[in-house]
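J.: coordinates only, sequence not included:
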């Protein structure tokens, strides 16, 4: 299938052209740690123009999302990307022994980027595009009530029982055995040398390697457990998110399975959430997986989906795939939600319906 061949389901969008060079920025997190990122900003002010923060997967540099951010800029948005502490532009001079954790990435780093954006773009709608753990950190940020709309791709909390059955054994061996062992040896995870991902702080590896069915139990075992005398603090923070969520998962993503996505969505009790499942065939592609959604080769096939959601808060008129939940999810205990054997809902949008 060439770029000019019509694809099923979504209207194609042209591959984005070159965007202007983004402006670097640095903001101090609440604990004083410098968080660095980049901003694409239109010169002409417009109070109605939304700004989109892109928040990354675990140990993926923000530069990976540059092309998608440039696409959003060309479509009339301002855009912000940033690196979590310990990663990319926000990496300290020495990573060995650095105690960054998932909790830090949400409570401190994403929150700093969110507050900075609100100050730079006052009275403007703030939307978030979140990849993988990026959807998890949204719920941890004290300022998450500032968000107007959320799009997530493969967002989950990396609990091993949620991995796709066909890949689970190998993923456990890689991420829950080899990664923690190498981290103990080096004082951080040398992912860059292995070509697995970016080098990663010890605290993040500990959170991931010892992830529990309930994310508040996972974070309490991390380095900042002393700051969490009451686990309800974490749950309550998720409840401050009222922005509508479009959560997309794909069938060939071993991380973002239906149980994994639903486990995370259950924490956003005050946010109406739609969970859409795609297969590569739905959009005429051989594969998508956990990372390729933001790759330029999938721009013509897939980027109309987040674009329409960010503009309107609705799905495209014709949307491929199956809707698992459509804002009417059963409100239940987040820990129980994960046992998640969710059946697709028989509604009009399912499988390319009108």
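T.: Received, thanks. Model, not experiment: these values are computed from the prediction.
J.: for the chain, what spans make up the strands?
T.: 23-28, 34-40, 51-55, 78-82, 126-131, 147-153, 245-250, 273-278, 322-326 (DSSP state E).
J.: out of those, nearest to residue 284?
T.: Ranking those by proximity to residue 284 (C-beta to C-beta) places strand 273-278 first, at 11.3 Å. C-beta: built from backbone N, CA, C; applies to glycine.
J.: before we move on, back to that, just so I know, which of the strands of the chain lies nearest residue 91?
T.: Proximity to residue 91, assessed across these by C-beta to C-beta, is greatest for strand 34-40 (9.2 Å).
J.: now for that closest one, which elements pack on it?
T.: Identification of packing neighbours for strand 34-40 by 3 or more C-beta pairs under 8 Å, 6 or more residues apart in numbering; DSSP states H and E yields strand 23-28, helix 66-74, strand 78-82, helix 111-120.
J.: Return the most buried member of those.
T.: strand 78-82 (a mean of 26; mean count of other C-beta atoms under 10 Å).
J.: For the stretch 151-300 of the chain, give me the ranges with low pLDDT.
T.: When the per-residue scores of the stretch 151-300 of the chain are filtered using pLDDT under 70, the ranges that remain are 219-231.
J.: on that earlier part again, let me have the helices and strands packed on strand 34-40 in CSV, extended by mean pLDDT.
T.: CSV is the format used below for the helices and strands packed on strand 34-40 (pLDDT from 0 to 100):
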stretch, mean pLDDT
strand 23-28, 98
helix 66-74, 96
strand 78-82, 98
helix 111-120, 98
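J.: okay if I get the ones you listed as TSV plus distance to residue 299?
T.: Conversion of the helices and strands packed on strand 34-40 to TSV gives the following (distance: least, C-beta to C-beta, whole Å):
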stretch	distance to residue 299
strand 23-28	23
helix 66-74	6
strand 78-82	15
helix 111-120	24
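J.: Which parts of the chain are helices?
T.: Across the chain, reading from the start of the chain, the helices by DSSP state H fall at 66-74, 102-104, 111-120, 133-138, 168-171, 179-186, 191-194, 202-209, 215-220, 232-238, 258-265, 299-302, 304-312, 334-337.
J.: any residues touching stretch 64-74, and which ones?
T.: Stretch 64-74 is touched from outside by 13, 16-20, 22, 38, 40, 42, 52, 54, 56, 79-81, 129, 131, 294, 296, 299, 303, 307, 310, with contacts defined as C-beta atoms under 8 Å, 6 or more residues apart in numbering.
J.: ugh, wrong one, I meant stretch 249-259
T.: 132, 153-156, 158, 161-164, 166-168, 171, 260-261, 275-280, 287-290, 293, 324, 338-342.
J.: now stretch 98-107
T.: 29-30, 84-86, 92, 133, 136-142, 188, 201-204, 206-208, 218-219, 222-224.
J.: And the contacts of stretch 64-74, which of them are buried?
T.: By the neighbour-count criterion of 16 or more other C-beta atoms under 10 Å, the contacts of stretch 64-74 include these buried positions: 13, 16, 19, 22, 38, 40, 52, 54, 56, 79-81, 129, 131, 294, 299, 303, 307, 310.
J.: is it true that residue 287 touches residue 278?
T.: No - the pair formed by residue 287 and residue 278 falls short of the contact definition of C-beta atoms under 8 Å, at 11.6 Å.
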